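Asker: Provide a 3D model corresponding to the input given below.
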Amino acid sequence: MDMTAAVAALLREEYPECVVLTGEPGAGGSTPKPFIELRELSGSRQSMLGRRYRRQALLVLRYVPAEAPSPTPENAVSGMTDRLYSLMVSVALPGGGLLKGSGMSHERVDGTLLFKWGAAYDGIEVGQEPPLMRSLQEEVVTNG
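Answerer: Prediction:
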């Protein structure tokens, strides 16, 4: 499950007037404003019992508002900030489950918004059971 893709899909749905970028910045050409740039700063995956795992990441969003006059860039940044705090608490994943947000913070830098938060979800590995689980099941069947 790609967390960045799930969050980008939500942002495109909630902010159809914005271009949402998830890849590396393009060389040369300028991006039309307003736009949202989404990056994963760091991530980890932790194995749990059986086929379960927990995926965690630190995400950062940069919002560059349109040029004035309507709405003013400052008002656009304020509106975006308030909305992001409620949107990123939990994001529905396409395959089911929730991406849970925590540790949210924001700052305004030169008329843009930087919004950072931690995101996590628990998943189940698709495929065969791990060798330890198979051997435990075989032992139970043999001794049972």
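Asker: helix or strand: which one has the closest residue to residue 121 other than its chain neighbours?
Answerer: Take residue 121 and drop its neighbours on the chain: the residue closest to it by C-beta to C-beta, 6 or more residues apart in numbering is residue 99, 4.8 Å away. Just so you know, the C-beta spots here come from the backbone N, C-alpha and C atoms, and that holds for glycine as well. Assigned by DSSP states H and E, residue 99 falls within strand 98-109.
Asker: quick one: average confidence on that strand?
Answerer: Strand 98-109 carries an average pLDDT of 94.
Asker: show me where this structure has its strands.
Answerer: Assignment of strands within the chain using DSSP state E yields the ranges 19-21, 35-47, 52-64, 90-92, 98-109, 112-124.
Asker: roughly how far does residue 19 sit from residue 32?
Answerer: Computed as C-beta to C-beta, to the nearest Å, the residue 19 to residue 32 distance reads 6 Å.
Asker: so which of these two has more stuff around it?
Answerer: Neighbour count, other C-beta atoms under 10 Å: between residue 19 and residue 32, residue 19 has more, with 14 against 10.
Asker: CA atoms of the strand holding residue 99 as CSV?
Answerer: Extracted C-alpha coordinates of strand 98-109, given in CSV (Å, rounded to 0.1, in the frame of the first residue of the first chain):
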residue,chain,number,x,y,z
LEU,A,98,-7.5,3.5,7.7
LEU,A,99,-4.3,5.5,7.5
LYS,A,100,-4.1,7.2,10.9
GLY,A,101,-2.4,10.6,11.3
SER,A,102,-0.7,11.9,14.4
GLY,A,103,1.9,14.5,15.5
MET,A,104,0.7,17.2,13.1
SER,A,105,2.4,20.5,12.8
HIS,A,106,2.5,23.4,10.4
GLU,A,107,4.4,26.5,9.6
ARG,A,108,4.1,29.3,7.1
VAL,A,109,7.2,30.1,5.0
